[in-house]
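> Next comes the sequence, and after it the predicted model I'd like to discuss.
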Amino acid sequence: ILGKDIKGIVEETERKQIWESTDGLRYSFRHELLRDAAHKIQMDTRLYELHQKAAQAYETLYADTLPWHYVELVYHYNQAQDEEKERYYAKLAGDQAAARFANKEAISYYSRALELTPATETEFRYQLLIAREKVHQLLGERQPQADDLKALAELVQTLGDPHKQAEVSLHWANYWESINDYSAANLAVQQAIEFANQKAPDGPDAANLVAQSHLIWGRSLTALSDYAAAREHHERALEIFRSVGNENEAANALQYLGTVFTYQANYNLALKHYRETLYLYRKMGNRQGEAHVLNNLGTIAANQGNLAEEKNYYELALRIRQEIGDRNGEADTLNNLGLTARSLGDFMLARDYYRQALEIYFEVQDRFGEQVILHNLGEAFYYLKMYPEALASYRQALFIGREIGDRDGEALTLQHIGNVLRDTGNLVQAEQHYQQALALHRELGQFQYKAEELAGLADVAFVRENVPQALKYVREIMLILSRNPSLEGSEEPLRVYLTCYHVLNAAGDLQANQILQNAYQLLTSRKERILDTEMRRKFIENNPWHMEVLTLWKKTGNYSAG
């Protein structure tokens, strides 16, 4: 820095105990007051010069490893009052922080760089705003995110670049999707496609923007339960990304296709897509994507009754999401861990997970997440026999589901309200809710819930002692069981089996015994997938339907053989 031999000065100062050597090359003041005093007696202009030289020394000595020193460079150029160099390195330090998910740090550096960037330097301001908005999106900070998007919308008008206008439209679409305004999201992606095709429509940049538009469009349609249309958009996005060699986005498209297949209960295809996606994310070091697909694999395991595998996937996903600060993702996984606890019959623990998730969804203004959690909280209250609390949660969920257009969520909540009404003796209203849920699921093509809704209707008829009507519903369920004996995709398959058993038994139908045997075999197969002894015990003992199947089977005298 000084450009001269200072060995004698250093040794003299060491003798006078102003500083001491730490490793023969580095020195530390013996007291911070000595350091402060030395600093204060310097002229301001001299300090500016020294900090400038310090920054230049970093650039010279560490040219090959400069990214390790961005933070020091920001500091020294700030002290040297060199605003141009400070904002340059602040942008790089922000990018570096964002890459390692030090999100608050990234926002701080981007904000400082924006303060120092003149309004005339529109291109650099554009890059900074785009980068900062992405971090706000990840953190679920909706108001700052909206403010950045508004600034970007004004900025792209002056830049006059259709591709940048398309990019901003896509960022708006992500924002609208995050707050569950799917109509606005779809309008934004259509605008993005129009902008993208205004400049070099046959080039790779336009192709990537169009494919991104189809990806977001497909996600919105998935949320609206239009799975056929969602699949078309995701497949179109995948085709384009592969054609331009965009491996990362191709992985995203594969993942979202897996989600569509999951909702349609096509688990083999969903698993195929998720496993391919997980391999690609890990190869590319995409931790956010890895956490997302691990969470999805947990959902598949849950739907197939593999509780140990389900819990493992969710815990891996939660760890990553907490490390990278993905608030929405953290809430999603907390919700799923609640579902795992529910499957084990630990409804108090499930309630605690749901409440943690609800706080985050409210904080990040995710109405869809709020609706899902309120539904699941209602279920936890239901199993705890807290019926007024269950109804209150379900009705809040139903209101939000209708408000945001989540028809799948609406149908499921109608079904669960029917369960509460049936158990509390409100049979007329229970029947109405089951019929509404059944009709809505038929309309959506979601037949995995049909058996449970028919079982609800059969229960209502059975309680009214209308065995012929109950038997009619059971015959319809039996057809479903012949094609899907494990009722994959349903929430309580053994409850369905028990309804069939009781109705058939009351009607004197000999098929009742076979149904009970099938129920016991399904319970056993699901239990055997759980290797942990304590977890297996909870799975049986904490669920009333599981215990009832076991009790009835023991009465047949076949228990030891089974």
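Thanks, I have the structure now.

> What degree of burial does Leu2 show, as a neighbour count?
When neighbours are counted by other C-beta atoms under 10 Å, Leu2 registers 8. Where C-beta positions appear, they are placed from N, C-alpha and C, glycine not excepted.

> Surely it is in a strand?
No: secondary structure of Leu2 (DSSP: H, G, I helix; E, B strand; the rest coil): coil, not part of a strand.

> And it, what's its pLDDT?
According to the prediction, Leu2 has pLDDT 72.

> which stretch of helix or strand covers the spatially closest residue to it that is not a sequence neighbour?
Spatially, and ignoring its direct neighbours in sequence, Leu2 is nearest to Lys53 (7.8 Å; C-beta to C-beta, 6 or more residues apart in numbering). Secondary structure from DSSP states H and E places Lys53 in helix 44-61.

> Just the C-alpha atoms of that helix, please, in CSV.
C-alpha atoms of helix 44-61 as CSV (Å, rounded to 0.1, in the frame of the first residue of the first chain):
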residue,chain,number,x,y,z
ASP,A,44,-9.5,12.7,5.8
THR,A,45,-7.8,13.0,2.4
ARG,A,46,-5.0,10.8,3.6
LEU,A,47,-7.5,8.1,4.7
TYR,A,48,-9.3,8.3,1.4
GLU,A,49,-6.0,7.7,-0.3
LEU,A,50,-5.1,4.8,2.0
HIS,A,51,-8.4,3.0,1.5
GLN,A,52,-8.1,3.5,-2.3
LYS,A,53,-4.7,1.9,-2.2
ALA,A,54,-5.9,-0.9,0.0
ALA,A,55,-8.7,-1.7,-2.5
GLN,A,56,-6.2,-1.6,-5.4
ALA,A,57,-3.8,-3.9,-3.4
TYR,A,58,-6.7,-6.4,-3.1
GLU,A,59,-7.3,-6.2,-6.9
THR,A,60,-3.6,-6.7,-7.6
LEU,A,61,-2.6,-9.3,-5.0
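
> Which secondary structure elements does it sit against?
Packing partners of helix 44-61 (3 or more C-beta pairs under 8 Å, 6 or more residues apart in numbering; DSSP states H and E): helix 70-79.

> hang on, the residue nearest to Leu2 packs against Ile1?
Yes: Lys53 lies in contact with Ile1 (C-beta atoms under 8 Å); the separation is 4.5 Å.

> From Leu522, how far off is the closest residue to Glu492 other than its chain neighbours?
Leaving aside its sequence neighbours, Glu492 sits nearest to Trp545 (C-beta to C-beta, 6+ apart; 6.0 Å). Look at Trp545 and Leu522: by C-beta to C-beta, to the nearest Å, they are 11 Å apart.

> Also Arg100?
46 Å.

> higher neighbour count, those two?
Under the neighbour definition other C-beta under 10 Å, Arg100 and Leu522 were set side by side, and Leu522 has more, 18 against 12.

> And the pLDDT at Ser213?
For Ser213, the pLDDT comes out at 97.

> Could you do Val210 as well?
On the pLDDT scale, Val210 gets 97.

> Figure out how far whichever strand or helix holds it is from the centre of its chain.
Assigned by DSSP H and E, Val210 belongs to helix 204-223. Computed by C-alpha atoms, centre = their mean, to the nearest Å, the separation of helix 204-223 from the middle of its chain amounts to 18 Å.

> Only alpha carbons, please: show that helix as PDB.
As requested, the backbone C-alpha atoms of helix 204-223 are provided in PDB (Å, rounded to 0.1, in the frame of the first residue of the first chain):
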ATOM      1  CA  PRO A 204     -32.900 -18.900 -28.200                       C
ATOM      2  CA  ASP A 205     -33.700 -15.800 -26.000                       C
ATOM      3  CA  ALA A 206     -37.200 -15.600 -27.300                       C
ATOM      4  CA  ALA A 207     -37.700 -19.300 -27.000                       C
ATOM      5  CA  ASN A 208     -36.600 -19.400 -23.300                       C
ATOM      6  CA  LEU A 209     -39.000 -16.600 -22.500                       C
ATOM      7  CA  VAL A 210     -41.900 -18.300 -24.200                       C
ATOM      8  CA  ALA A 211     -41.100 -21.600 -22.500                       C
ATOM      9  CA  GLN A 212     -40.900 -19.800 -19.100                       C
ATOM     10  CA  SER A 213     -44.300 -18.300 -19.900                       C
ATOM     11  CA  HIS A 214     -45.800 -21.800 -20.500                       C
ATOM     12  CA  LEU A 215     -44.200 -23.100 -17.300                       C
ATOM     13  CA  ILE A 216     -45.900 -20.400 -15.100                       C
ATOM     14  CA  TRP A 217     -49.100 -20.700 -17.000                       C
ATOM     15  CA  GLY A 218     -49.100 -24.500 -16.400                       C
ATOM     16  CA  ARG A 219     -48.500 -23.900 -12.600                       C
ATOM     17  CA  SER A 220     -51.500 -21.500 -12.400                       C
ATOM     18  CA  LEU A 221     -53.700 -24.000 -14.200                       C
ATOM     19  CA  THR A 222     -52.600 -26.800 -11.800                       C
ATOM     20  CA  ALA A 223     -53.600 -24.600  -8.900                       C
END
